[in-house]
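S.K.: structure of the sequence below:
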Amino acid sequence: MTTPSLDTARAVLEELAGAGMRHLVVAPGSRSAPLAYAAAAAAAAGALEVHVRVDERGAGFTALGIARATGRPAGVLTTSGSAVGNLLPAVMEADHAEVPLVVVSADRPPELRGTGANQTTRQPGIFGGHVRAVVDLLPGDDDVPARLAGALAALAGRAGDGPRPAGPVQLNVALREPLHPAPEDGPVLAAWAGRLAGRRPGDPGPGPRAVAAGPVHGPGPQAWCSRAVVVAGDGAGPEAARFAEECGLPLLAEPSSNARTGPHAVGAYRLLLGTALGGQVERVLLAGRPTLSRPVAALLARADVLTAAVQPLPVAWYEPGRRRERVLRSWAEASAFTGRGAPGWLAQWQERGAAADAAVAGVLAEDPLCGPAAAALVWDACRRDGSVLVAGSSNPVRDLDLAAVPGPTAPLVLANRGLAGIDGTLATATGAALGADRAVRAFVGDLTFLHDASSLLLGTGEREPDLQVVVLNDGGGGIFTTLEHGAVGEQAEYRATVERFFGTPHEARLEALCAGYGVAHHRAADLAALQRALAGPVRGRSVVEVPADRRDLRALHARLRSAVAGR
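M.R.: Predicted coordinates for the structure are as follows:
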């Protein structure tokens, strides 16, 4: 036997491994030490892969990235106190994006709670409604499997009276001293870890979960016809593309839908929705969650358009009665709603879509290096070599949506669109590379990079991911230039205010940051240099800085709209 705290730690990790957890991200601390020692033994035996991070916020997003890329539960372990609170952003993203994230928060024993004891706070339930379940595991809870069963079922979306959205859970583990192993505990830990490794299944996991998963059956040849379109939002999955093809419908797919492929996908669709062609849409079938485009939001709100959302499985972001779309529970219902595409309907979208892509490419060819041009090159590089593309929020994912031309294949795109924050993006990309054991390219803005620069820190001996971070550096918050604030900023009396509070200018030296963290840095001053930087295989970590000028963004987007409208 080991100490009681080590016994609890072993039991918890054993249950998590049985639930499919293969990766645990550990932030250092004293109260969590029994779990760390047990995790180290499991890692030595090959039962778990353990990653150590000094920043809990980055640790949480690293685990999130692992879970997103693999579809398996991934855990993050912290000590007690404020360390737990630093996980909230990652937990919130996991909640809305249905990511199976396991928070293992070590805690003081119950006799110390409410006494003012050091590093003690109210941890159970600290994440509120953002977790599917909370277990407060106290010393003396002997039947750990029974105590954790409900939470592990909720983690996978199997709790309660039927399928529910997968998502994060909190296992709050109260531990009493001693928190370190005794000399005689080593062989016991090693033997336990060996048995755990022997029971580990070897399958690679299901991969990222598609929100609208399920069989796809298009309408028969005699089905009625309509001018419908399929809108594939974040997480829609390849089912949306197959459905559009079987029904003969145009597909308007966001990059992180992972449906932006095949002959029915329309590239610069958001620029077409404001044209006469967009005005002819009669019905919209929504798959996944639309998060990017104001033109799509306007389409879904049009009084003359019938809308429906296909949701074969429950989704975390949807509350009944809060959206106008009629919910359909199967693809068969979806095909009855859309029918087949009216004669010539798809062909019109394909023709206008190809012309729009050509118009966008023509404008970008005349412009200095800008976000959409860089996005197109990153998209093509990932498609060419099979690397995963992690898209940063704000402009980068929208640049991809505008300039990534669909083709027969598309890269796997991951993006934190649950809450669309810029926080933790580098950690998410790192976790995706570690979890999927594949090369990853992250396309981010400079503020996103600076917000999470500490995630470039890897401890000595930690496994280095194959990760190339492409940073579009326009010296501040470029997205606000394209919004209403950009127009306000053109007025002399508001110019300084908009620049300070929305543009948030800076003079940070990214190359110095990278040097401090020991990460290779390259500067791509033009498209040719960026193409060269993207040409080779992704090995280890590197940052490619792409300088840009956000002052011209508003005019650039006006030219793009004008060019597409004129085709």
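S.K.: quick check: which element contains the closest residue to A524 other than its chain neighbours?
M.R.: Nearest residue to A524, sequence neighbours excluded (C-beta to C-beta, 6 or more residues apart in numbering): L530, at 4.0 Å. C-beta: built from backbone N, CA, C; applies to glycine. Using DSSP states H and E, L530 maps to helix 527-535.
S.K.: give me the mean pLDDT for the following helix or strand past that helix.
M.R.: Downstream of helix 527-535, the first helix or strand assigned by DSSP H and E is strand 541-547. Throughout strand 541-547, pLDDT has a mean value of 98.
S.K.: mind listing the helices for the stretch 301-450 of the chain?
M.R.: Applying DSSP state H, counting those that start in this stretch to the stretch 301-450 of the chain gives helices spanning 331-338, 345-366, 371-385, 395-403, 425-436, 446-451.
S.K.: let's have the ones you listed in CSV, adding mean pLDDT.
M.R.: Converted to CSV, the helices of the stretch 301-450 of the chain look like this (pLDDT from 0 to 100):
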stretch, mean pLDDT
helix 331-338, 96
helix 345-366, 96
helix 371-385, 97
helix 395-403, 97
helix 425-436, 98
helix 446-451, 97
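S.K.: of those, which is nearest G194?
M.R.: helix 425-436 (23.8 Å; C-beta to C-beta).
S.K.: CSV please, covering the helices of the stretch 301-450 of the chain and showing distance to L292 and mean neighbour count.
M.R.: Formatted as CSV, those follow (distance: least, C-beta to C-beta, whole Å; neighbours: other C-beta atoms under 10 Å):
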stretch, distance to L292, mean neighbour count
helix 331-338, 22, 21
helix 345-366, 16, 18
helix 371-385, 13, 22
helix 395-403, 5, 27
helix 425-436, 16, 29
helix 446-451, 16, 23
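S.K.: those helices: which one's closest to A41?
M.R.: Comparing those by their distance to A41 (C-beta to C-beta), the top pick is helix 425-436, with 20.3 Å.
S.K.: run the angle between that closest one and helix 395-403 for me.
M.R.: Angle, helix 425-436 to helix 395-403, by axes from the mean of the first three to the mean of the last three C-alpha atoms, to 10 degrees: 70 degrees.
S.K.: what's the angle between helix 425-436 and strand 541-547?
M.R.: If you take the same axes, to 10 degrees, helix 425-436 sits at 140 degrees to strand 541-547.
S.K.: give the other helices and strands that helix 425-436 contacts.
M.R.: Under the contact criterion of 3 or more C-beta pairs under 8 Å, 6 or more residues apart in numbering; DSSP states H and E, helix 425-436 touches strand 23-26, helix 56-70, strand 388-391, strand 440-445, helix 446-451, strand 467-473.
S.K.: which residues does the fourth one contact?
M.R.: Read that as strand 440-445. Residues outside strand 440-445 that contact it (C-beta atoms under 8 Å, 6 or more residues apart in numbering): 374-375, 378, 381-382, 387-392, 394-396, 399-400, 422, 425-426, 429, 432-433, 465-474, 477-479, 534, 538.
S.K.: and the angle for that strand with helix 56-70?
M.R.: 130 degrees.
S.K.: who are the contact partners of G167?
M.R.: The neighbourhood of G167, defined by C-beta under 8 Å, 6+ apart, consists of A94, D95, E98, V99, P100, L101, V131, R132, A154, L155, G157, A316.
S.K.: average pLDDT for the helix holding L530?
M.R.: Computed over helix 527-535, the average pLDDT equals 96.
S.K.: make JSON lines from the contacts of G167 and add neighbour count, pLDDT and distance to A59 to it.
M.R.: Formatted as JSON lines, these follow (neighbours: other C-beta atoms under 10 Å; pLDDT from 0 to 100; distance: C-beta to C-beta, whole Å):
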{"residue": "A94", "neighbour count": "34", "pLDDT": "98", "distance to A59": "13"}
{"residue": "D95", "neighbour count": "23", "pLDDT": "97", "distance to A59": "17"}
{"residue": "E98", "neighbour count": "24", "pLDDT": "95", "distance to A59": "20"}
{"residue": "V99", "neighbour count": "29", "pLDDT": "97", "distance to A59": "15"}
{"residue": "P100", "neighbour count": "29", "pLDDT": "97", "distance to A59": "16"}
{"residue": "L101", "neighbour count": "29", "pLDDT": "98", "distance to A59": "11"}
{"residue": "V131", "neighbour count": "24", "pLDDT": "97", "distance to A59": "17"}
{"residue": "R132", "neighbour count": "26", "pLDDT": "96", "distance to A59": "20"}
{"residue": "A154", "neighbour count": "23", "pLDDT": "93", "distance to A59": "22"}
{"residue": "L155", "neighbour count": "28", "pLDDT": "92", "distance to A59": "18"}
{"residue": "G157", "neighbour count": "20", "pLDDT": "87", "distance to A59": "24"}
{"residue": "A316", "neighbour count": "21", "pLDDT": "90", "distance to A59": "22"}
